[in-house]
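Asker: The following comprises the amino acid sequence and a computationally predicted model.
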Amino acid sequence: MIACECPVCTSDDKKDKRLRSSIMVQSEQTTLVVDTGPDFRYQMLRAEVKHVDGIVFTHSHKDHIAGLDDVRAFNFFSQQPVNIYATDMTQEAIIREFPYAFHESKYPGLPDIQLNTITLEPFVVGDIPITPILVWHLKMPVLGFRFGPFTYITDANRIEPEELAKIKGSEVLVLNALRKEKHMSHFSLGESIAIVKELQVPQTYITHLSHQMGKHADVDAELPQGINLAWDGLVIKV
Ligand SMILES: [Zn+2]
Ligand SMILES: [Zn+2]
């Protein structure tokens, strides 16, 4: 956190250097990114990403969309629009936040974005099948996504039983928890652990951590078998 001198923010451990939550999902043929937060540009540079086939959005909060303008680099090299997959509600916010990208007479160099509407129906990006999972972020609907054996859920504080059922059978789950103390719109660590135990997913990584969670090494050591804190740069093969 900017200006913070707590033990996490001043830690030398690389696993305590946390950018905003996002993931990249790759098959042999397809690369997609989930969310473009304010750190999107640096995350793409750091991972040396040369091409994306699509960007899938969970919800419209600024820490998940603010970096979208930087897709212009992908436009420049591919000479193609970038395909975005978002609900109507999320698209409204994207158009409001980046109006210049959607003007009829655009001057060159602006981000070139192709909007694709998603609902709770399964869809496909390239050769990657995706099942949306509806989760609640206080009163805001947010989408989690299941990609075959892997499920990614962020910014949830409540999941209804029929949506939880969609996660069952996943081999790896990424699930959000902000900190140990309760929060009104994000799961606490204890709430996330309870969900994982109910679902019996073999391996879970906890994401969207606030500095209030504590240091990676300390918290990770306290977690039950099969649950770990995620870290920036974590690569999972399924
Ligand atoms: Zn949010
Ligand atoms: Zn968030």
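Answerer: Good, I have the coordinates. Ligands and ions are numbered 1, 2, ... in the order given.
Asker: contacts, neighbours, all on C-alpha from now
Answerer: Will do.
Asker: ok, residue 57 to residue 21 distance?
Answerer: In this view, residue 57 and residue 21 are 12 Å apart by CA to CA, to the nearest Å.
Asker: so what sits against both of those two?
Answerer: Both residue 57 and residue 21 are in contact with 35, 64, where contact means CA atoms under 8 Å, 6 or more residues apart in numbering.
Asker: Confirm residue 228 sits in a helix?
Answerer: No - assessed with DSSP: H, G, I helix; E, B strand; the rest coil, residue 228 is strand; it does not lie in a helix.
Asker: Any stretches of the chain with poor pLDDT?
Answerer: Of all residues in the chain, none has pLDDT under 70.
Asker: which residue of it sits farthest from its center?
Answerer: Relative to the mean C-alpha coordinate of the chain, counting by CA atoms, centre = their mean, the farthest residue is residue 105 (32.0 Å).
Asker: tell me the secondary structure for it?
Answerer: Per three-state DSSP, residue 105 ends up coil.
Asker: Determine the set of other helices and strands touching the longest strand anywhere in the chain.
Answerer: Using DSSP state E to define each element, the chain has its longest strand at strand 128-137. Under the contact definition 3 or more CA pairs under 8 Å, 6 or more residues apart in numbering; DSSP states H and E, strand 128-137 sits against strand 123-125, strand 140-147, helix 161-167.
Asker: Specify the next element, helix or strand, located C-terminal of the last one.
Answerer: For helix 161-167, the following helix or strand on the C-terminal side (DSSP states H and E) is strand 172-176.
Asker: Quick one: residues in contact with that next one.
Answerer: Applying CA under 8 Å, 6+ apart, the set of residues contacting strand 172-176 is 149-156, 186-187, 192, 201-209, 230, 238.
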